[in-house]
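Undergrad: Take a look and give me a structure for this.
(one chain, ligands or ions: 1)
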Amino acid sequence: MTGPLLEVRELARHFPVRAGLLGRSRQVLRAVDGVSFELQRGRTFGLVGESGCGKSTLGRAILRLHEPTSGRVLLDGVDITALDRAGLKRQRKHMQMIFQDPYASLSPRRTVDRILDEPLALHRFGDKAQRSRRVLELLDIVGLGPAARHRYPHEFSGGQRQRIGIARALAVEPKLIVADEAVSALDVSVQSQVLNLMADLQAEFGLSFVFISHDLAVVQHVSHVVGVMYLGKLVETAPVDRIYAMPAHPYTRALLDAVPVADPTRRDKRLVLSGEVPSPLDPPPGCPFHTRCPRAMPVCSSRVPRTIDIGENGRPHRVSCHLHDPDIGI
Ligand code: SF4
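TA: The predicted structure follows:
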């Protein structure tokens, strides 16, 4: 099949929240608010942003672990958002998730054998003997020996547990894996081992990843395209080389400038990000970043910026900022 593997169209996930005295007033928390992007086969879309910007909710909404409020998700042309329960169950094997804390996501009372057999049995992968062979194959793929199958999660290190989490995600041969802060809890040396494993798996099996992380260095290392999220919206999306070399949105620029560098001349020109992310219960009007933006103009507090493509040579670079809108006349 040609075309992108994953198409996310105007996806939103809102949570109704009770507030006020006695919880009588109702508010809406717009955790994900109209997000669109595409992911090509065998590629990684890196999703970055500060804590609370909606990255994890977006990852879960793509897989329908959170039911989207509106918008569409197409995987290989199949509209995931339109599927009934049975249809969704059938599609689940094509889209899996790796979690931040492998210890919490692996049942402590089950051996690795049972943990890896579970998704195979759920998706009716062969008979018992075939599933047993598949478990050994998976352990081999993620670099754990056959003896690992008889052990429990607590008997492994953090990096090994994440390998088990990856093996479980791979069990039913998915096309897409959403990895949510998958290496954040690991030591730096173990992080690179797990990242290398994911890169090897991508090369070998043509896997596509949505890689969610607050760590811009890690995202740069693994991604082909990067999306920057702020208050539930994608504010900039571009190929990885381009977004790191020429960030167009002041928020992206500030995030990159917050990464420590040794060069003191670069430090002087940095954009400093001040204050906290505003509450998604009450986002600022106009551009949601205007309360923290060092480049904010009067128009920014009243008008929502359009998304403009400033890409070149057929490589899209989308940014939502008035600074790049020719109609604003700056
Ligand atoms: Fe800053 Fe205005 Fe651009 Fe928003 S639209 S990022 S406030 S310059």
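
Undergrad: what's near enough to touch the closest residue to Ser184 other than its chain neighbours?
TA: Leaving out its chain neighbours, the residue that sits closest to Ser184 by C-beta to C-beta, 6 or more residues apart in numbering is Gln100, at 5.6 Å. Where C-beta positions appear, they are placed from N, C-alpha and C, glycine not excepted. Contacts for Gln100 were tallied using C-beta atoms under 8 Å, 6 or more residues apart in numbering; they are 180-182, 184-185.

Undergrad: from these, which ones fall inside helices?
TA: Under the assignment DSSP state H, the contacts of Gln100 contribute nothing to helices.

Undergrad: remind me, longest helix of the protein?
TA: helix 188-205.

Undergrad: any residues touching the helix or strand that comes right after that helix, and which ones?
TA: The helix or strand immediately downstream of helix 188-205 is strand 208-212, counting by DSSP states H and E. Under the criterion C-beta under 8 Å, 6+ apart, residues 5-6, 39-47, 55-56, 58-59, 62, 175-182, 198, 202, 219, 222-223 lie in contact with strand 208-212.

Undergrad: For the stretch 51-200 of the chain, just list every one of the strands.
TA: Ranges of strands in the stretch 51-200 of the chain, per DSSP state E, counting those that start in this stretch, are 70-75, 78-79, 95-98, 176-180.

Undergrad: Sheet partners, orientation included, of the second one?
TA: Listed by DSSP bridges, the sheet partners of strand 78-79 and their directions read strand 70-75 (antiparallel).

Undergrad: then the strand it pairs with to PDB, C-alphas only?
TA: C-alpha atoms of strand 70-75 as PDB (Å, rounded to 0.1, in the frame of the first residue of the first chain):
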ATOM      1  CA  SER A  70     -13.600  14.300  17.500                       C
ATOM      2  CA  GLY A  71     -11.300  13.900  14.500                       C
ATOM      3  CA  ARG A  72     -10.000  10.900  12.600                       C
ATOM      4  CA  VAL A  73      -7.100   8.500  12.800                       C
ATOM      5  CA  LEU A  74      -6.400   6.400   9.700                       C
ATOM      6  CA  LEU A  75      -4.000   3.500   9.900                       C
END
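
Undergrad: from now on call the first residue 523
TA: That works, and once the first residue is 523, the last one we named lands at strand 592-597.

Undergrad: could you give the angle of that strand to strand 698-702?
TA: Strand 592-597 runs at 120 degrees relative to strand 698-702, counting by axes from the mean of the first three to the mean of the last three C-alpha atoms, to 10 degrees.

Undergrad: For strand 592-597, give me every contacting residue.
TA: By C-beta under 8 Å, 6+ apart, strand 592-597 touches 527-534, 556-557, 583-584, 586, 601-604, 613, 616-617, 697-698.

Undergrad: Give the buried residues for it.
TA: Going by neighbour count (16 or more other C-beta atoms under 10 Å), the buried part of strand 592-597 is 593, 595-597.

Undergrad: And the residue in the stretch 623-772 of the chain positioned nearest to the ligand, how close does it get to Cys843?
TA: Residue nearest to the ligand within the stretch 623-772 of the chain (C-beta to the nearest ligand atom): Pro772, separated by 4.5 Å. According to C-beta to C-beta, to the nearest Å, Pro772 and Cys843 sit 7 Å apart.

Undergrad: need the next SSE after the helix or strand bottoming out on mean pLDDT in the chain, C-terminal direction.
TA: Within the chain, no helix or strand scores below helix 786-790, which has a mean of 56 by mean pLDDT, DSSP states H and E. For helix 786-790, the following helix or strand on the C-terminal side (DSSP H and E) is strand 829-831.

Undergrad: what does the stretch 723-852 of the chain put close to the ligand?
TA: Proximity of the stretch 723-852 of the chain to the ligand, by C-beta under 6 Å from any ligand atom, involves residues 771-772, 809, 811-812, 815, 817-819, 822, 827, 843-845.
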